[in-house]
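**Student:** just a sequence and a predicted model for now, questions to come.
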Amino acid sequence: MTAYTVHAQKKIIEQTDTAHVALYNGFMIQADIASVSTSALSKGETYSYEAGIQVDLKQKYYPILELGLAGANKTTADNIGFVTNAPFGRIGIDFNILKKKKDSKPTTNLFLVGLRLGMSNFKYKITNATINNDYWGGTEIVDYSNIPATTKVWWEIIAGVRVEVIKNIYMGWTVRTKNLLTQDTEGEVAPWYIPGYGISASGNWGFNYTIGYHF
């Protein structure tokens, strides 16, 4: 048997195995435990709660929708206050890059990489802000309580693992890097915190630890 024949047979077997995997293999509903823990540790200065629904396609592609509620109620040492509270959402897809080894037992464990597009439309309030008057000199204390709602959009790259701990019950973690697509308008009073994104900056990091059920 030639090397070409062996390669061709191997290719046919791989294609057959792939063909046997159904397109749709159910969906998972999951909740993020890490956000609950970090919200408790922050003592209300920042908080975030989120959950998601993810579809299993070919046991390789995992479109996902994540929804949550987040906000902040922080007062600085200078008595400047910032308050916001709003829902947020992300949509994206994960890819399972864990390849099945030859002659190994089937596994439901996943090693995922993926992309997200996130958005939040929210109002915020700033109190006791100190404004310096460069022309007349001196300072002024100002409250910004009627700032129009703003929309922030960002993208994320994620990586993580998911393990089936009990039949149909999964736990896992992901890390994600976040990058804003929308920028503050010049002269705008920028928000300190963006729901779903975190403390306002050009780049940010996030961590999730989820528990979910596969239907």
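**Tutor:** Right, received. Where do you want to start?
**Student:** drop to CA atoms for contacts and neighbour counts, all remaining ones
**Tutor:** Will do.
**Student:** and for whatever helix or strand residue 65 lives in, what's in contact with it?
**Tutor:** Using DSSP states H and E, the element containing residue 65 is strand 61-75. Applying C-alpha atoms under 8 Å, 6 or more residues apart in numbering, the contact partners of strand 61-75 are 44-56, 81-96, 193-196.
**Student:** quick one: strands adjacent to the very next helix or strand once past that strand?
**Tutor:** Remark: after strand 61-75, the chain's next helix or strand is strand 81-96, criterion DSSP H and E. Its sheet considered, strand 81-96 pairs with strand 61-75 (antiparallel), strand 110-122 (antiparallel), strand 124-132 (antiparallel) by DSSP bridges.
**Student:** got the CA coordinates for strand 81-96 in PDB?
**Tutor:** These are the backbone C-alpha positions of strand 81-96, laid out as PDB (Å, rounded to 0.1, in the frame of the first residue of the first chain):
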ATOM      1  CA  GLY A  81     -19.400  61.300  42.700                       C
ATOM      2  CA  PHE A  82     -20.200  59.100  39.600                       C
ATOM      3  CA  VAL A  83     -23.400  57.100  39.200                       C
ATOM      4  CA  THR A  84     -24.700  55.000  36.300                       C
ATOM      5  CA  ASN A  85     -26.800  51.900  35.900                       C
ATOM      6  CA  ALA A  86     -27.800  50.200  32.600                       C
ATOM      7  CA  PRO A  87     -28.100  47.000  30.600                       C
ATOM      8  CA  PHE A  88     -25.500  45.800  28.100                       C
ATOM      9  CA  GLY A  89     -25.200  43.200  25.500                       C
ATOM     10  CA  ARG A  90     -22.600  41.300  23.500                       C
ATOM     11  CA  ILE A  91     -22.900  39.100  20.400                       C
ATOM     12  CA  GLY A  92     -20.200  36.900  19.000                       C
ATOM     13  CA  ILE A  93     -18.900  33.400  18.300                       C
ATOM     14  CA  ASP A  94     -16.500  30.900  19.900                       C
ATOM     15  CA  PHE A  95     -14.500  28.200  18.200                       C
ATOM     16  CA  ASN A  96     -13.500  24.900  19.800                       C
END
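**Student:** strands along this protein, start to end?
**Tutor:** For the chain, strands defined by DSSP state E occupy the ranges 24-32, 46-57, 61-75, 81-96, 110-122, 124-132, 139-144, 150-166, 169-180, 193-194, 198-199, 203-214.
**Student:** quick one: which of these is nearest residue 39?
**Tutor:** Between residue 39 and those, the tightest spacing by C-alpha to C-alpha is seen for strand 46-57, at 4.3 Å.
**Student:** now for that closest one, which elements pack on it?
**Tutor:** strand 24-32, helix 33-41, strand 61-75 (3 or more C-alpha pairs under 8 Å, 6 or more residues apart in numbering; DSSP states H and E).
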